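1. one predicted model, sequence on top.
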Amino acid sequence: MALREIIGQDRALRILFGTLKRNRVPSAILLSGDAGIGKRLAAVNYAKAINCLEPVDFDCCGKCISCKKIDSENHPDISTIVPENDLISIETIRKIEETISLRPFEGRKKVVIIDDADAMNIYAANAFLKTLEEPPEDSLIMLISSNPDRLPDTIRSRCINVRFYPLPSDGCREVVSKNIDAKNMKFILNLAMGRPGLAISRDFEKENEWFAKLLNNMVQGESKDTWADKSEIKLWLDMAFILLRDMAVYKITERESDLMLDKKQLAMKGQGIRSILDTYQDMQQVKGLLDFNLNKSITWNYVASIMRKCVNE
Ligand SMILES: [Zn+2]
């Protein structure tokens, strides 16, 4: 594919093409915005456009040997970094420094794409700052982040910031339906909330079944089958927010068409809107505390007490 084929990110593409047209590729770019909206795809295709042997209107051709090597992750001048155990360490940053200090082997520029760049710890960020301050010639670093606020200001201010936004519903539908063939497309698009990459990489229907099963266990007071780890707690809480959002919306409009989940799932009883919103807020607090290593079974019991109250009211 080519950079221009990325759907629903016209503004971001205008900025990226602007740098290519003026031949002013910066040494560092931060691609920020929600997960699943095309940041990584844009980064890879921008790297292709820079190194393409037969560019078409400043975009990559997608067919030359350089484009093909980048697509198959075999280009010696392009590397991608992803966090290991949610962390980008100082050792990784040192390796990046080494890699980009060499001249390109066969492309025009050395490109390093750092996915989830906000996973750098403070030591890594400090080391990385030095690279950003004195970028080697013929190099480009692309940081990708859905939590750019977690990056130090000193790093952010040294990058061209290209912001990505969730896609409008037509664009989201177009991307999702090109990639998956789902029975319940409406449900999937509802949950994608403009982030087609999430709908493609995850199975929302299965996640929802899992969420409902655990909620049922929780409300029944069973705690045998709980969350496996912190990422499952986060995922489960995100589903709980959708459920509570639906409950509140249904209280107000009483229209099924406004719901993201199936109405059957809402367990509506006599809950007042205030109680639903309070529950929502309490759960947000739990989510905020997760980064402080909350104990899993304490979290389970606490969340259970909140949800039981809300669902049974
Ligand atoms: Zn090409």
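-> Perfect, I can see it now. Numbering: from 1, shown residues only.
2. residue 66 versus residue 159, what's the distance?
-> To residue 66, residue 159 is 25 Å away according to Cβ to Cβ, to the nearest Å. Every residue, glycine included, has its C-beta placed from N, CA and C.
3. more neighbours: which of these two?
-> residue 66 (24 against 21; other Cβ atoms under 10 Å).
4. I'd like the distance between that one and residue 254.
-> 57 Å.
5. can you check residue 69 too?
-> 57 Å.
6. list the buried residues of stretch 83-98.
-> 83, 88-90, 92-93, 96 (16 or more other Cβ atoms under 10 Å).
7. same question for stretch 45-55.
-> 45-52, 55.
8. of these, which ones also sit close to the ion?
-> When contact is defined as Cβ under 5 Å from the ion, these meet the ion at residue 52.
9. can you redo the buried residues of stretch 45-55 as a markdown table with secondary structure?
-> Converted to a markdown table, the buried residues of stretch 45-55 look like this (DSSP: H, G, I helix; E, B strand; the rest coil):
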| residue | secondary structure |
| --- | --- |
| 45 | helix |
| 46 | helix |
| 47 | helix |
| 48 | helix |
| 49 | helix |
| 50 | helix |
| 51 | helix |
| 52 | coil |
| 55 | coil |
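10. residue 197: neighbour count?
-> Residue 197, neighbours per other Cβ under 10 Å, totals 21.
11. partner residues bridging the closest residue to the ion within the stretch 151-300 of the chain?
-> Residue nearest to the ion within the stretch 151-300 of the chain: residue 162 (21.6 Å; Cβ to the ion). Residue 162 has these beta-bridge partners by DSSP bridges: residue 31.
12. surely it meets residue 28?
-> No - using Cβ atoms under 8 Å as the test, residue 162 is too far from residue 28 to be in contact (11.1 Å).
13. more crowded one of those two?
-> Using other Cβ under 10 Å as the criterion, residue 162 and residue 28 rank with residue 162 on top: 24 against 21.
14. residue 69 and residue 254: which is more packed in?
-> Set side by side, residue 69 and residue 254 show more neighbours around residue 69, with 18 against 9, by other Cβ under 10 Å.
15. from the chain's centre, how far out does stretch 284-298 sit?
-> 21 Å (Cα atoms, centre = their mean, to the nearest Å).
16. that stretch: which residues count as buried?
-> 286, 294.
17. ok, and what's touching that stretch?
-> Residues outside stretch 284-298 that contact it (Cβ atoms under 8 Å, 6 or more residues apart in numbering): 223, 226-227, 229-230, 233-234, 237, 241, 299, 302-303, 306.
18. pull up the distance across stretch 96-116, start to finish.
-> Length of stretch 96-116, first residue to last, Cα to Cα, to the nearest Å: 15 Å.
19. right, I mislabeled it, should have said stretch 11-31
-> The first and last residues of stretch 11-31 sit 12 Å apart, counting by Cα to Cα.
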